[in-house]
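**Q** coordinates for the following, if possible.
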Amino acid sequence: MTNQPFTTSKERSEITSQTTAQVEAEVAKVGVSVIGFVAALIGIWGLSCFVGGLINSGGPLAFAKGWFGAVLGL
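**A** Okay, the predicted model is just below:
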């Protein structure tokens with residue numbers, strides 16, 4: 001007869017729940033990272049569109065005048 005320790009079902013369920021919690025934490029970290037990366041890309045895209053509009057309109061005053069004209073229908 002060998003002296004191998006037996007794992008009770010309570011110990012197994014604790015290990016399983018700890019592993020599940022660790023996996024859920026890692027998945028949450030990846031999800032937050034992906035959302036942050038996409039938000040950064042959207043912000044960079046918006047900034048580049050704003051700068052492109054400023055350059056295309058001829059400066060900040062012309063840009064603001066054009067924007068208010070488009071919004072107010074002037």
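**Q** after the least confident helix or strand in the chain by mean pLDDT, heading C-terminal, what element do we hit next?
**A** The least trusted helix or strand in the chain, going by mean pLDDT, DSSP states H and E, turns out to be helix 9-57, with a mean of 88. As assigned by DSSP states H and E, the chain's next helix or strand after helix 9-57 is helix 60-72.
**Q** for the residue nearest to the spatial centre of the chain, give its distance to residue 16.
**A** In the chain, the residue lying closest to the centroid (C-alpha atoms, centre = their mean) is residue 35, at 1.3 Å. Distance, residue 35 to residue 16, using C-beta to C-beta, to the nearest Å: 29 Å. Every residue, glycine included, has its C-beta placed from N, CA and C.
**Q** with residue 44 instead?
**A** 42 Å.
**Q** residue 22 too?
**A** 11 Å.
**Q** show me the common contact partners of the two, please.
**A** Between them, residue 22 and residue 16 share no contacting residue under C-beta atoms under 8 Å, 6 or more residues apart in numbering.
**Q** give me the number of residues near residue 60?
**A** 9 (other C-beta atoms under 10 Å).
**Q** tally of neighbours for residue 70?
**A** Counted with other C-beta under 10 Å, residue 70 comes out at 9.
**Q** an error on my part: the question was meant for residue 46.
**A** 10.
**Q** again, but for residue 57
**A** Residue 57: 15 surrounding residues under other C-beta under 10 Å.
**Q** contacting residues around it?
**A** Listed by C-beta under 8 Å, 6+ apart, the contact set of residue 57 reads 63, 66.
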